[in-house]
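1. quick one: sequence and predicted model below, then my questions.
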Amino acid sequence: MFSSIKMEVLTGIQQAKCASLHYFLLAIATYYVSVFLFAVRWKYVLRGTGVDVPISELFKANLAGLFMNNITPMSRGGGELLRMLWVSKLRGVPMGISAVTIVYERILESIPVMVMVAIGFLYFATSEALVLIPLLLGLLMIWLKWEEFIELTLRLFRVELSDEDRGRILTLRRRGEVNLVGITASSLVWALDVARLKLLTLAFGLKVSLPVLVFVSVVNLILGIAAFTPGGIGIVEGGLVGTLTYVGLPPTLAVSVVVLERFISYVLGSLSGLVVLFTSGGREVWRALKSR
């Protein structure tokens, strides 16, 4: 059994080397466009609190955060803290504001994510989509109890804010432009994730339907969150191969697609973040992160 699995993996890696370069390069481009959209979203959320940070700085902070995510257990295990420290140490943004804006990003992001989960799971199994109910209730409670939620967040991160800064954070919920840009950027990011999977399957001449790719993207998200290994190594790859095989791809081609996807999201993402971390003032942030 293990010898056959090893053979499929080796065959998949060999096939990955023969993938269409054109589609592969486009898939890489979608990854970095997604990182840029993360920076756009964060910029508007920060601007909603009266803080203006250059988008180039936020782009670098996101890349560095992706590197940290890939070397720590669980999705975003350390990247979010690094991002908070990045804008606080290098741009003087109060820690409380950076913390709350990142949390607010996640709230905005959850809206398109739940739409994707609904599309993905409803296509295959209606009962699993019931998991959306507690998520929706949780978001509704946060929205209705926004002030209490902010106070809890500030206590968790052990930061003090002036009354003025606290007031600016509390008004985020009423910032129409911030919410529109945040939800739009988040939706585009997840659309690009699906597009990247589409491009990688096209690289091998495969025609996979959009609902199936949405389902695979949702599984990829869940695996990244649930995985306890750094960057989800081993767990994400195995889960994705299993999912692609389940939806009809031959095992060797499933391995090939996953090899390329993880090369982009894990290898290239980690290398880009590492370069940024040690060439753009990130050493100070790294020291501050280790001290925490």
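-> Thanks, I have the structure now.
2. low-confidence ranges in the stretch 51-200 of the chain?
-> Applying pLDDT under 70 to the stretch 51-200 of the chain flags the ranges 74-77, 118-136, 138-139, 153-154, 156-162, 165.
3. can you pull out the helices in it?
-> Assigned by DSSP state H, counting those that start in this stretch, the helices in the stretch 51-200 of the chain fall at 55-71, 79-91, 95-124, 132-144, 146-156, 163-170, 176-202.
4. with just CA atoms, put the shortest one into CSV.
-> Extracted C-alpha coordinates of helix 163-170, given in CSV (Å, rounded to 0.1, in the frame of the first residue of the first chain):
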residue,chain,number,x,y,z
ASP,A,163,-10.9,57.8,24.4
GLU,A,164,-10.4,59.3,21.0
ASP,A,165,-8.9,56.1,19.5
ARG,A,166,-11.5,54.0,21.2
GLY,A,167,-14.3,56.2,19.6
ARG,A,168,-12.7,55.8,16.2
ILE,A,169,-12.8,52.0,16.4
LEU,A,170,-16.4,52.0,17.6
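5. what does that helix contact?
-> Helix 163-170 is contacted by residues 48-50, 94, 96-97, 100, 146-147, 150, 161 when judged by Cβ atoms under 8 Å, 6 or more residues apart in numbering. Every C-beta, even on glycine, is put in place using the N, C-alpha and C of the backbone.
6. that helix vs helix 95-124, what angle?
-> 10 degrees (axes from the mean of the first three to the mean of the last three Cα atoms, to 10 degrees).
7. neighbour count added to the contacts of helix 163-170, as JSON lines?
-> Shown next, in JSON lines, are the contacts of helix 163-170 (neighbours: other Cβ atoms under 10 Å):
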{"residue": "Gly48", "neighbour count": "23"}
{"residue": "Thr49", "neighbour count": "24"}
{"residue": "Gly50", "neighbour count": "13"}
{"residue": "Pro94", "neighbour count": "18"}
{"residue": "Gly96", "neighbour count": "23"}
{"residue": "Ile97", "neighbour count": "24"}
{"residue": "Val100", "neighbour count": "27"}
{"residue": "Trp146", "neighbour count": "18"}
{"residue": "Glu147", "neighbour count": "11"}
{"residue": "Ile150", "neighbour count": "22"}
{"residue": "Leu161", "neighbour count": "18"}
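8. need those in TSV (columns: distance to Leu26).
-> Below are the contacts of helix 163-170 laid out as TSV (distance: Cβ to Cβ, whole Å):
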residue	distance to Leu26
Gly48	33
Thr49	36
Gly50	38
Pro94	40
Gly96	40
Ile97	37
Val100	36
Trp146	40
Glu147	45
Ile150	41
Leu161	43
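9. what's the closest of the residues you listed to Lys60?
-> Lowest distance from Lys60 to the contacts of helix 163-170 (Cβ to Cβ) belongs to Ile97, with 18.8 Å.
10. what angle do the helix or strand where Leu253 lies and helix 176-202 make?
-> Per DSSP states H and E: Leu253 is located in helix 251-262. On the basis of the same axes, to 10 degrees, helix 251-262 is oriented at 140 degrees to helix 176-202.
11. what's the mean pLDDT across helix 251-262?
-> Taken as a whole, helix 251-262 carries a mean pLDDT of 89.
12. avg pLDDT for the helix or strand just after it?
-> Next helix or strand after helix 251-262 toward the C-terminus (DSSP H and E): helix 269-279. Confidence for helix 269-279, expressed as mean pLDDT, is 89.
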